[in-house]
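Visitor: Model the following, please.
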Amino acid sequence: MDGYIQQQYGQPVKRYVQILDLRDDPDMICEYRKWHSEEHHWREIREGIRAVGILEMEIYILGTRLVMIVDAPLDFDWTSAMNKLATLPRQAEWEAFVSRLQGCSADARSDEKWQMTERMFRLYD
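Guide: Numbering: from 1, shown residues only. Sure, this is the predicted structure:
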C-alpha cells in the first residue's frame, strides 16, 4: 500500500472523524460506492460541502464500516455548518436517497447519521 497523499492548505486545520455502518448487503454496498464515485456523485452535494467551509472530506470503507475524515479551518463551527448544509439544494434529497443503503431514517440529516469519534492517541510531541 502506497498510502494517500494529503491536501496542503497553507493554513492550520482541524480534523473531524466520524463513523457509520452500511447495511450488510454486498449489492447495496456496491451501489453506495457507485454513488460516491467521481463519475456518479451529485455535484450539488460536493459544492454544498465546500460552501459550508469544509476543505476536504474523505470516506474510507472496510466491510460495512465507513470512516469519514473532514478537514476544516480552525474557525470552523461544526454545528453551524451542519445546520447550513441541511438547507442547501438537494441535500435532503441526497440524505433520503442514501439512507436506504445506510439503514437510517430517510429524514435524518448527515450529522444525525454519522457518529463523531474521539481521538484517543496520536504521536505525542
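
Visitor: make it CA atoms for all contacts and neighbour counts henceforth
Guide: Will do.

Visitor: Let me see the contact set for Met82.
Guide: 52, 110-111 (CA atoms under 8 Å, 6 or more residues apart in numbering).

Visitor: can you pull the buried residues of the helix or strand harbouring it?
Guide: Element membership for Met82 (DSSP states H and E) is helix 78-85. Within helix 78-85, the residues that count as buried by 16 or more other CA atoms under 10 Å are 81-82, 85.

Visitor: coming back round to it: out of the contacts of Met82, which are inside helices?
Guide: Here DSSP state H is the test, and these give 110-111 as lying in helices.

Visitor: how about the CA coordinates for the helix holding Met82, as CSV?
Guide: The C-alpha trace of helix 78-85 is given here as CSV (Å, rounded to 0.1, in the frame of the first residue of the first chain):
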residue,chain,number,x,y,z
TRP,A,78,-19.4,22.1,13.1
THR,A,79,-23.0,22.8,14.3
SER,A,80,-23.4,25.9,12.3
ALA,A,81,-22.0,24.2,9.2
MET,A,82,-24.3,21.2,9.5
ASN,A,83,-27.3,23.4,10.0
LYS,A,84,-26.5,25.3,6.9
LEU,A,85,-25.7,22.2,4.9
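
Visitor: Where do the helices of the chain begin and end?
Guide: 26-35, 43-51, 78-85, 91-102, 110-113.

Visitor: coming back round to it: I'd like the contacts of Met82 written out as JSON lines, with pLDDT, neighbour count and distance to Lys34 added.
Guide: Converted to JSON lines, the contacts of Met82 look like this (pLDDT from 0 to 100; neighbours: other CA atoms under 10 Å; distance: CA to CA, whole Å):
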{"residue": "Val52", "pLDDT": "98", "neighbour count": "19", "distance to Lys34": "24"}
{"residue": "Ser110", "pLDDT": "94", "neighbour count": "18", "distance to Lys34": "19"}
{"residue": "Asp111", "pLDDT": "95", "neighbour count": "16", "distance to Lys34": "22"}
